[in-house]
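Novice: Next come a sequence and a model predicted from it.
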Number of protein chains: 2
Amino acid sequence: MNNDLKNVYFVACGGSLVDLYNSYYFLKNNSKSISTGWYTANEFVYDFPIQLGKNTLVILCSHSGNTEETVNAAILSRKKGAYAIGLSYNKDSNLFKEVDNSILYEWGDKFKVSRNPMATVLEISVRILNKIEKYQHFKVFLDELDNIDKVVQNAIALVQARAKKFAVNYKDENFFQIIGSGATYGQAYGFAICSLMEMQWINATAIHSGEYFHGPFEVADNESMYVVLESLGRTRSLDERAKLFITSHSKKVEILDAKELGLDLINATVVEYFNPILFYTVLSEYRSQLAIARQHPLEVRRYMGKMSY
Amino acid sequence: MNNDLKNVYFVACGGSLVDLYNSYYFLKNNSKSISTGWYTANEFVYDFPIQLGKNTLVILCSHSGNTEETVNAAILSRKKGAYAIGLSYNKDSNLFKEVDNSILYEWGDKFKVSRNPMATVLEISVRILNKIEKYQHFKVFLDELDNIDKVVQNAIALVQARAKKFAVNYKDENFFQIIGSGATYGQAYGFAICSLMEMQWINATAIHSGEYFHGPFEVADNESMYVVLESLGRTRSLDERAKLFITSHSKKVEILDAKELGLDLINATVVEYFNPILFYTVLSEYRSQLAIARQHPLEVRRYMGKMSY
């Protein structure tokens, strides 16, 4: 990898793109010298930034490792002289054939969340920033990566009953609004397009809690269904403001508060970037319960992988 | 303004933020040296990038000029040493008191679209890029800014009948999916959160056509309501792919094709950035017709500006 690193681009599709949002957000706000971007792979392939070149690192992720747009983005990146890191769950993936560095990640309930792709890429991003600029919270960050699994395990236990109640109460809703901010916004987006639209065939949208009062709140009434992701960290006041309005204008609201879920065990200087790791896991419990209550297994698809498109 | 410009940040809320997406997209993909960001104002205020400083230009926009979060973002920017440009329709705005340079823009049917905030900021962005790096399509760009009004006027005439038909046919739909890519994605987002959610109290979401097949398409059935924004330029094939799937899986589809609307009169080297200017105007005709068909005037609000929140 080139020592004169100028840009880091995060490129993937759907759920894998969601996994990269946290790292993008971290570098965007913390790096003094690097510029960064977060791209759905096919837009990157067809309309890439002119800065893409020998001073660029491109981080690509595909769970199957064979997402065509992501593989093409890797090929383009290397053709332009960039250094490409690919992450996948599949050691025989096409993606691994087109990158400079392959990372096979762990996945599933029996593995630590700190070894999932989201945390793995975050750790890479933090190490890169520290190597280039000396990141002032580097040591704390690595310590907390060791602690996040315990927090997440506690939170999973904590939400079992309420996730079940949520699923039973709201299984027939046909539109969900997922509210969040900061690094967590990626999870709001991911829960809407992957967990609800893809896996449950339910209409949904993600709304940034900072944007909520500039348009989207006009639809709010007693029938509106909300999931509010209340983060710990710098943008918490945005989520709290949205929560206050939503809970007084709709009766169908599920609040997931990172503080109440135990994330305040993580040091305040770096807690922002642990919100998405917590929320991903907790929301996975919610979607599992929804799948049971709706008798709609999470792995059922009608189009994806079943036809050409 | 500092001659050693390193970052340009675009900061606003809601509809004004939408107006800035085009310029953000332009600089993100065309600048060899500048890093850029697009922020909802309150997130910027609470969690701003560490690069914000004396080598930064911040462009802020507020139609009323008094959006509190945007004014606060201007104050923060100047406190950090950045140069702030503010745009508003209101010459007595609070925003103008907190910026280094104020731009009072024109607004409404009797003014040229090239003097609206979206085109004004785009022209500023193009001029900045040319000054710093010599932008190779500079002259063509300025020429086409002179031509876009004619294209837009023709398109307005062209869509009258179909916008009316659309409004009558779909006035009772309760969820719209707006599909787009490239610089146009900002318009998909804006039509969803401002035109539909804010002005018509209809649920809606914006979906990037590159992300469509990675989750959102699983909800598609004959009852799904889509508006597809088909851009001219590098990402057109993404929109075409989504259009092909959508038109064969749903009967409720409105296609707005920039080519069919006459945007191919604009030079292909710069056409990307004229898509949003065209689509904004054309979609405004659609929302006007929806307002008539639904007997729900565009300016009616139930919360915005009517209560404290």
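Specialist: In hand now; what should we look at? Keep in mind the model is a prediction, meaning the values are calculated, not measured.
Novice: What residues of the longest helix anywhere in chain A count as buried?
Specialist: Taking DSSP state H as the criterion, chain A has its longest helix at helix A:138-170. Buried residues in helix A:138-170, defined by neighbour count with 16 or more other CB atoms under 10 Å in any protein chain shown: A:141, A:144-145, A:148-149, A:151-152, A:155-156, A:159, A:162-164, A:166-167, A:170. In short, each C-beta sits where N, CA and C put it, glycine included.
Novice: who's in contact with the closest residue to chain B within the stretch 201-309 of chain A?
Specialist: The minimum distance from the stretch 201-309 of chain A to chain B, using CB to the nearest CB, falls at residue A:214 (2.8 Å). Contact analysis of residue A:214 by CB atoms under 8 Å, 6 or more residues apart in numbering or on different chains lists B:13-15, B:17, B:40, B:67, B:193, B:198.
Novice: Distance check, the closest residue to residue A:67 other than its chain neighbours against residue A:61.
Specialist: Among residues not flanking residue A:67 along the chain, residue A:13 sits closest, at 5.4 Å (CB to CB, 6 or more residues apart in numbering or on different chains). Note on residue A:13: its distance to residue A:61, by CB to CB, to the nearest Å, is 9 Å.
Novice: the more surrounded of those two?
Specialist: Using other CB atoms under 10 Å in any protein chain shown, the more surrounded residue of residue A:13 and residue A:61 is residue A:61, with 30 against 26.
Novice: quick one: the helices in the stretch 1-150 of chain A?
Specialist: Secondary structure of the stretch 1-150 of chain A, counting by DSSP state H, counting those that start in this stretch: helices at A:14-30, A:41-46, A:68-79, A:94-97, A:117-133, A:138-170.
Novice: What average pLDDT does the fifth one get?
Specialist: To tie it back to what came earlier, the one meant is helix A:117-133. Over the span of helix A:117-133, the pLDDT mean works out to 97.
Novice: ok, now which ones touch the residue lying closest to residue A:40 once chain neighbours are set aside?
Specialist: Spatial nearest neighbour of residue A:40, excluding adjacent residues (CB to CB, 6+ apart): residue B:210 at 4.0 Å. Applying CB under 8 Å, 6+ apart, we find residue B:210 in contact with A:13, A:40-43, A:69, B:181, B:235, B:238.
Novice: and what of residue A:264?
Specialist: Counting by CB under 8 Å, 6+ apart, residue A:264 touches A:232, A:258, A:271.
Novice: which SS state does residue A:179 fall under?
Specialist: With DSSP: H, G, I helix; E, B strand; the rest coil as the basis, residue A:179 sits in strand.
Novice: how much space between it and residue A:22?
Specialist: 17 Å.
Novice: Now do the SS call for the nearest residue to residue A:301 once chain neighbours are set aside.
Specialist: Spatially, and ignoring its direct neighbours in sequence, residue A:301 is nearest to residue B:218 (6.3 Å; CB to CB, 6+ apart). Under three-state DSSP, the three-state class of residue B:218 is helix.
Novice: returning to that earlier point: so which of the buried residues of helix A:138-170 is the closest to residue B:28?
Specialist: Taking CB to CB as the measure, residue B:28 sits nearest to residue A:141 out of the buried residues of helix A:138-170, at 27.5 Å.
Novice: I'd say that closest one and residue A:125 touch.
Specialist: No: counting by CB atoms under 8 Å, residue A:141 stays clear of residue A:125, with 10.0 Å between them.
Novice: what touches both of those two?
Specialist: Overlap of the contact sets of residue A:141 and residue A:125 (by CB under 8 Å, 6+ apart) is empty.
Novice: quick one: low-confidence ranges for the stretch 1-150 of chain A?
Specialist: Applying pLDDT under 70 to the stretch 1-150 of chain A flags the ranges A:1-3.
Novice: hmm, 80 instead?
Specialist: Within the stretch 1-150 of chain A, the segments meeting pLDDT under 80 span A:1-3, A:108-111.
Novice: Residue numbers of it in contact with chain B?
Specialist: The stretch 1-150 of chain A comes close to chain B at residues A:13-15, A:17, A:28-32, A:35-37, A:40-43, A:46-51, A:67, A:69, as judged by CB under 8 Å from any CB of the partner chain.
Novice: Pull out the buried members of these.
Specialist: A:13-15, A:17, A:28-31, A:35-37, A:40-43, A:46-49, A:51, A:67, A:69.
Novice: Neighbours of residue A:123, how many?
Specialist: Per other CB under 10 Å, the neighbour tally for residue A:123 reads 16.
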